[in-house]
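Engineer: Got a sequence here, can you build the structure:
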Amino acid sequence: MYMHSREQDNTTRYSALDQMTDNPFHQWEDHSHDSSMLTLASGFLSDEQFYMILVFIIFTSQLINICSIIANSLSIAVFVNLGFSEPSNISLTALAVCDFTLAVLLTWNNLCFWLTYRNVRLPFHGLNVNFLTGGAQWTFLSSTVAWITAFISFERCLCILVPLKVKRLITPRGTFVAMLIIILLTFCPSFFIYIRYKFVWVFNPYLNVTILNTIPVNSEFAILFEKISVVICGVIQPLLAFSIVLICTVLLVVQLRKISSWRISIAFAKSQEVQPVENPAARSSAAEARISQKEERLVKLVATIATIFIMSYIPTCIGIFCFAIFDEFNPLGVYRRLFIVFGCITSLGQSISGSVNILIYYKMASKFRSVFRHLVRLDRQEQERHELE
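Structural biologist: Just a heads-up that it's a prediction; the model follows:
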């Protein structure tokens, strides 16, 4: 959520604020608003509260990001060893790659924030350069993760609803093409931000140094393009993907309960040695409900991933709504501190979501667990332990 403001008056403030202080972290502390609005904004978070929350979130996020990088690297290695004959392996690999990239971008974002906060003299403007080298890309990539999760959830819904046709509908080649399309439509537009902003070398008389900075391109086309991209890629796409994941997850849970109830009734009938009477319609319904134990485990795995994603993505949806509705909820507005804290909380939630997926795979996927243990040599260690005993 490191999106810049969409109004030209904020652009003017943005360029002027860089020269106000030798610490660019305070570029948000703009005093151009009237005193009543500033009092209202400061009433939400004091200086001490703001910095304490920011430091805590940054350090926590960095630890989780390191874990996420390691975990997703292992997940990618396991899926590569498993091969891509199964469509689910392709989509889960794409999800792991995106989570890995998100963790790397967030590590860079947090590093820039922390160095700027500590007033470390850098050869570039930490916050502005970070926006074009990590912040914008993270914003768009989080939308990519949302759409990949939506695709995985939709695929499992088809597995439950039409189990006899799903293999014809979802193929490895089709899944690979779907992943490419999702990345092209959601992540690649982040590089169009360079139409609106560009890098420049700027001499700072207060520091007596020349540093790398960014400036906005104030052409009508660039401003209009930014507005359209923010609305489509920053608001519509994430909310639509979140809605699809939510609907598919509800359907998965409902159908899993139906299948579980059907299996319990069959098991009870067999235990009582009673042959259940089924009419043709009932037999058809039962046939639709009969998915293999392997497919059922995969459905539960996807439902778990989607549920964790939903819980971690709720702050993002709230932030998107606030960004779209309130003009001052942006990096340069009156509620800039809330915007920054909200963005950090959002990134923290998505870091947690991306880092725990490997635990879900290990717990619920036997093939993944077997290959993982082989890669990290856990099975060999257990074998050696048994031999010693």
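
Engineer: Let me see the ranges of the strands in the stretch 201-350 of the chain.
Structural biologist: For the stretch 201-350 of the chain, the strands defined by DSSP state E, counting those that start in this stretch cover 209-216.

Engineer: pLDDT weak spots in the protein?
Structural biologist: 1-45, 260, 262-264, 266-294, 330-333, 378-389 (pLDDT under 70).

Engineer: Centroid-nearest residue for it?
Structural biologist: With distances taken as Cα atoms, centre = their mean, the chain has Ser142 as the residue nearest its mean C-alpha position (3.6 Å).

Engineer: Identify the residue spatially nearest to it, adjacent ones excluded.
Structural biologist: Gln350 (5.8 Å; Cβ to Cβ, 6 or more residues apart in numbering). (C-beta placed from N, C-alpha, C; glycine too.)

Engineer: likewise Trp201?
Structural biologist: Spatial nearest neighbour of Trp201, excluding adjacent residues (Cβ to Cβ, 6+ apart): Thr210 at 5.4 Å.

Engineer: partners of that neighbour in the sheet?
Structural biologist: Under DSSP bridges, the beta-bridge partners of Thr210 are Phe203.

Engineer: Tell me, how many residues neighbour Val192?
Structural biologist: Careful, residue 192 is Phe and not Val. Using other Cβ atoms under 10 Å, Phe192 has 16 neighbouring residues.

Engineer: Pretty sure it sits against Val230.
Structural biologist: No: Phe192 lies out of contact with Val230 (Cβ atoms under 8 Å); the separation is 11.0 Å.

Engineer: what are the ranges of the strands in the stretch 51-200 of the chain?
Structural biologist: Applying DSSP E, counting those that start in this stretch to the stretch 51-200 of the chain gives strands spanning 197-204.

Engineer: The stretch 51-200 of the chain: helices as residue ranges?
Structural biologist: Using DSSP state H, counting those that start in this stretch, the helices of the stretch 51-200 of the chain run over residues 87-117, 126-130, 136-161, 166-169, 172-186.

Engineer: Out of the ones you listed, flag the one nearest Ile340.
Structural biologist: Ile340 lies closest to helix 87-117 among those, at 8.7 Å (Cβ to Cβ).

Engineer: The closest residue to Leu122 other than its chain neighbours and Gly234, how far apart?
Structural biologist: In space, and not counting its chain neighbours, Leu122 is closest to Leu115: 6.2 Å by Cβ to Cβ, 6+ apart. Distance, Leu115 to Gly234, using Cβ to Cβ, to the nearest Å: 26 Å.

Engineer: Looking at those two, which has the bigger crowd around it?
Structural biologist: For Leu115 versus Gly234, neighbours defined as other Cβ under 10 Å are more numerous around Gly234 (23 against 16).

Engineer: ok, now which ones touch Leu73?
Structural biologist: Heads up, residue 73 is Ser, not Leu. For Ser73, the contact set (Cβ atoms under 8 Å, 6 or more residues apart in numbering) comprises Phe100.

Engineer: Quick check: the residue nearest to the centre of the chain vs Ile352, distance?
Structural biologist: Applying Cβ to Cβ to Ser142 and Ile352 gives a distance of 13 Å.

Engineer: repeat for Ile69
Structural biologist: Distance, Ile69 to Ile352, using Cβ to Cβ: 14 Å.

Engineer: Of the two, which one has the most company?
Structural biologist: A count of neighbours by other Cβ under 10 Å puts Ile69 above the other of Ile69 and Ile352, at 20 against 17.

Engineer: need the contact list for the more buried one.
Structural biologist: Ile69 is in contact with 100, 103-104, 107, counting by Cβ under 8 Å, 6+ apart.

Engineer: Over to Ser351?
Structural biologist: Going by Cβ under 8 Å, 6+ apart, Ser351 touches 61, 64-65, 68, 102-103, 106.

Engineer: Good, wrapping up.
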